[in-house]
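Novice: Output the structure for:
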Amino acid sequence: MRNRSRLVCTLLALSLVAAACGDDDDSAASDTASATATAEAPDATQAPSGTEAPGATEAPPGTEATGGGAGASISIALGSEPTSLDPHLVDDGGERAINDNIYETLLTRTPEGELEPGLATEMPTQIDDTTWEFKLRDGVTFHDGTPFNADAVVATVTRMRGFIDAQSTDMDGFFSSITGATKVDDLTVDITTEAPDAVLPARMYWLKITAPGTESVADLSDAPNGTGPYKFVSREVGSQIVLDANPDYWGGAPAVGEVTYEFVSEGGTRLAGLKSGDFDLITNLPPQDVDQAPASQAIQGQEHPMLILNAEEGITADPNVRLALNLAIDKDAIAEQVYGGYATPDACQILSPSILGFNEDLSPFPYDPDQAKQLIKDAGVAGQSITLVGESSGRWLNDRELVEAIASYWNDAGLKVDVQTPEFGAYLDVLFDRDKREDAIFVSSSNDLLDPDRQLSTFYAAGGIGASNSDQALATLIEQGREELDSTAREGIYNDAVKLACDNAYFTFLASNQDLYGLSERLAWTPRVDSKLLVKEMTVTG
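Specialist: Next up is the predicted model:
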């Protein structure tokens, strides 16, 4: 046990070097499941087809901020620059950090993750199995003065549907079930789905509403124009983006008057800027730097590192071997020493406690290296090789160190671990290869919609793009959960689904790491369970 502790400590020391020298990508928390079915995101300096890429962009006439920034100015350092400022083209953490303040959605969430009305005045009414009716807020305008109404919702849905059909958006995984929208009257709209879809309300928390007439616009990056609390002011590609408070915001003018986003990929440089007073908020604060920050905030987010085990063939086809692989790993040590204590062992599922369907009756597999060794021996596979695939770019927090720690635990259990860490593109080819599934594939799964269907359909359900089992009973439960419209019944179905996967040890469950932020002493802000950086929720003191 002491040997394993020394190993994890050694890996942590390596992670400190990696954190000081490596890339730090804010979009890393996004689930990679959409990567294979989407177009490559354009380079941040590349203009859409038919336009020129300006070095600096200012708000177009009619959308510029008008001195609403009477409050304090703040600066936020992000780890990556948005690849686009169009709210419908890319699945990009940098884009969301900006556009979540410019654009709004029909439904929103509380900081704790509960769905509530946004641009809609109430939760939607289901007209039939595939039709949802939304009542819209009156008196809301876009930043250029255009009224928000049903025409805007129809334009937005039509635009997204067109992008999906043309395979020109990264967001088809979020909205592919939606077939269209119909205006009932100026303040009423019906949204339709291909089949019963209980996830539709959650999807409407993710679909940013654009103005009427945008359905035929190829790219809105040069003219962000939403209904939100902040207006686009300017962009210097490669440097910064500036927003000003919207004094006419329907929810009341926000306290922070101006926000400047700067893009700093290196974590140590972000920390230095925070300590010097250049930044008020930095994302992805490395665990080892928490004590150096003027102030910090942590929240249990939606990130769940795990190993997908091949339940169909090879060494991991034996359920006792899969059980052994779970028992062999000290998840408490990983949480403490790889993640600096900012992680919680997963309770035999990849759903967070805030997600519908989280099964409170499940608990983490215990750490029992002796039983793991015995199970490996009894299965007749002691000394045999097992392939463990990670990735080499360091896309997720301390992922390389985590994979090496897992390999050490499995070696101690009596296996020969073949660790493969291809570059990220090749890794995705392995992760989503439906014809050949490796013994164990590392992935960190997040839940952007805060709904169980996205994760379970991808990794749990037979035929899912990241699944390595053919359990038809499990797949049926997940399909039933998606189509069940009663939330209590859905929760019971998903409880059964995650228990079934736990009982069969289809995954090696690890520890869910927290979202870490560094703050200046003057900034007051509490992080959200959905990881959104909503500036309207921030205040400045002193």
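Novice: Which residue ranges of the stretch 51-200 of the chain form strands?
Specialist: Ranges of strands within the stretch 51-200 of the chain are 56-58, 73-78, 107-109, 115-117, 125-128, 131-135, 178-185, 188-193, based on DSSP state E, counting those that start in this stretch.
Novice: Buried ones in stretch 129-146, by neighbour count?
Specialist: 130-132, 134-137, 140-144, 146 (16 or more other C-beta atoms under 10 Å). (Each C-beta comes from the backbone N, C-alpha and C, glycine too.)
Novice: returning to that earlier point: for the strands of the stretch 51-200 of the chain, which one ends up most surrounded?
Specialist: Among the strands of the stretch 51-200 of the chain, the stretch with the highest mean neighbour count (mean count of other C-beta atoms under 10 Å) is strand 73-78, at a mean of 22.
Novice: and the strands of the stretch 51-200 of the chain as JSON lines, adding distance to Tyr517?
Specialist: Formatted as JSON lines, the strands of the stretch 51-200 of the chain follow (distance: least, C-beta to C-beta, whole Å):
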{"stretch": "strand 56-58", "distance to Tyr517": "28"}
{"stretch": "strand 73-78", "distance to Tyr517": "10"}
{"stretch": "strand 107-109", "distance to Tyr517": "18"}
{"stretch": "strand 115-117", "distance to Tyr517": "24"}
{"stretch": "strand 125-128", "distance to Tyr517": "38"}
{"stretch": "strand 131-135", "distance to Tyr517": "33"}
{"stretch": "strand 178-185", "distance to Tyr517": "33"}
{"stretch": "strand 188-193", "distance to Tyr517": "34"}
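Novice: hey, least reliable of these by pLDDT?
Specialist: When the strands of the stretch 51-200 of the chain are ranked by mean pLDDT, strand 56-58 comes last with a mean of 58.
Novice: The closest residue to Ala295 other than its chain neighbours: neighbouring residues, count only.
Specialist: When the adjacent residues along the chain are set aside, Ala295 lies closest to Leu519, with 4.2 Å between them (C-beta to C-beta, 6 or more residues apart in numbering). Neighbour count of Leu519, defined by other C-beta atoms under 10 Å: 21.
Novice: One more: Ser385?
Specialist: 12.
Novice: List the contacts of it.
Specialist: Counting by C-beta atoms under 8 Å, 6 or more residues apart in numbering, Ser385 makes contact with Ile315, Leu415, Lys416, Val417, Asp418.
Novice: which residues does the fourth one form a beta bridge with?
Specialist: So the one you mean is Val417. Ile386 (DSSP bridges).
Novice: Distance check, it against Asn411.
Specialist: 5 Å (C-beta to C-beta, to the nearest Å).
Novice: ditto for Gly425
Specialist: Per C-beta to C-beta, Gly425 is found 28 Å from Asn411.
Novice: and if you look at Gly464?
Specialist: According to C-beta to C-beta, Gly464 stands 30 Å off from Asn411.
Novice: same thing with Ala293?
Specialist: Taking C-beta to C-beta as the measure, Ala293 falls 37 Å from Asn411.
Novice: Compare these two (neighbour count), which wins?
Specialist: Remark: of Ala293 and Asn411, Ala293 carries more neighbours, 21 against 15, as counted by other C-beta under 10 Å.
Novice: list the contacts for that one?
Specialist: With C-beta under 8 Å, 6+ apart, Ala293 has these contacts: Leu271, Leu274, Lys275, Ile282, Leu285, Gly518, Leu519.
Novice: Let me see the ranges of the helices in this protein.
Specialist: Remark: helices assigned in the chain by DSSP state H are 2-21, 93-102, 150-165, 172-175, 200-203, 267-276, 319-327, 331-333, 369-378, 399-412, 424-431, 452-455, 472-483, 487-503.
Novice: Arrange those in CSV, one row each, with distance to Gly390 as further columns.
Specialist: Shown next, in CSV, are those (distance: least, C-beta to C-beta, whole Å):
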stretch, distance to Gly390
helix 2-21, 13
helix 93-102, 21
helix 150-165, 31
helix 172-175, 23
helix 200-203, 30
helix 267-276, 20
helix 319-327, 15
helix 331-333, 17
helix 369-378, 21
helix 399-412, 4
helix 424-431, 7
helix 452-455, 20
helix 472-483, 25
helix 487-503, 22
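Novice: so which of those helices gets nearest Thr108?
Specialist: helix 93-102 (10.0 Å; C-beta to C-beta).
Novice: Can you get me a residue count around the residue lying closest to Glu423 once chain neighbours are set aside?
Specialist: Excluding its sequence neighbours, the residue lying closest to Glu423 (C-beta to C-beta, 6+ apart) is Ser392, at 5.5 Å. Here the count is done by other C-beta under 10 Å, and Ser392 has 15 residues near it.
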